[in-house]
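S.K.: Model the following, please.
(one chain, ligands or ions: 2)
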Amino acid sequence: MLSKFETDVRLRKALGANGQRFTEQRGAVFRYLAQTDVHPTAEEVFLAVRERLPAISLGTVYKSLETLVGCGLAVKLTYGDHSARYDGRTDPHHHARCVSCEKVLDLPGELLTGEIDSLRETAGTFTVTGYRLELSGYCPECVPTKDLLVTA
Ligand SMILES: [Zn+2]
Ligand SMILES: [Zn+2]
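M.R.: Ligands and ions are numbered 1, 2, ... in the order given. So this is what the prediction gives:
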């Protein structure tokens, strides 16, 4: 995990490269995102950052998150019927999402890129720019008892 100083240096560099200014708000949002692996929503980031910057608004947090995404410092995970979540990890990795509490966890495993390449080849005239793999199920806190998991 990066120190506060290292995190700020990384943020200032990326913001500068994208013609953006460093602000205390952006710093606080990035620091929180860089040290958590819970993939928070904008509201969750707001509640966490507000403890240190009481004057910050949800709108500012939201805009800061979008700026970080634009600078390649965070990844936005969007879901059709849920609010977006933000990931401070930008290296390729996959997620597992709990269908009960909607928590998103990082999966330690990786897919062989050969498997993805073979899928890409079957896409035909479709131009592939990326992919997302996400497992869904129950986190340890939400997993139903075994009896309930047995269907029919
Ligand atoms: Zn859960
Ligand atoms: Zn992640």
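
S.K.: ok, which residues in the chain are in contact with ligand 2?
M.R.: Contact residues (Cβ under 5 Å from the ion) of the chain with ligand 2: 87, 89, 106. C-beta here means a position set from N, CA and C on the backbone, and glycine is covered the same way.

S.K.: So which of those belong to strands?
M.R.: Of those, the ones assigned to strands by DSSP state E are 87, 106.

S.K.: and the residues of the chain next to ligand 2, which are buried?
M.R.: Among the residues of the chain next to ligand 2, those classed as buried by neighbour count (16 or more other Cβ atoms under 10 Å) are residue 87.

S.K.: just the residues of the chain next to ligand 2 now: which is nearest residue 127?
M.R.: Using Cβ to Cβ, residue 87 is the member of the residues of the chain next to ligand 2 that sits closest to residue 127, with 24.6 Å.

S.K.: Next, count neighbours for residue 63.
M.R.: Residue 63: 15 surrounding residues under other Cβ atoms under 10 Å.

S.K.: can you check the one 10 residues further on too?
M.R.: By other Cβ under 10 Å, the residues close to residue 73 number 23.

S.K.: same thing with the one 4 residues further on?
M.R.: If you count neighbours by other Cβ under 10 Å, residue 77 ends up with 17.

S.K.: can you check residue 32 too?
M.R.: Counted with other Cβ under 10 Å, residue 32 comes out at 21.

S.K.: Show me what the helix or strand harbouring it is packed against.
M.R.: Assigned by DSSP states H and E, residue 32 belongs to helix 24-35. When contacts are defined as 3 or more Cβ pairs under 8 Å, 6 or more residues apart in numbering; DSSP states H and E, helix 24-35 packs onto helix 4-17, helix 42-50, helix 58-70.

S.K.: quick one, it and helix 58-70 angle?
M.R.: Interaxial angle, helix 24-35 versus helix 58-70 (axes from the mean of the first three to the mean of the last three Cα atoms, to 10 degrees): 60 degrees.
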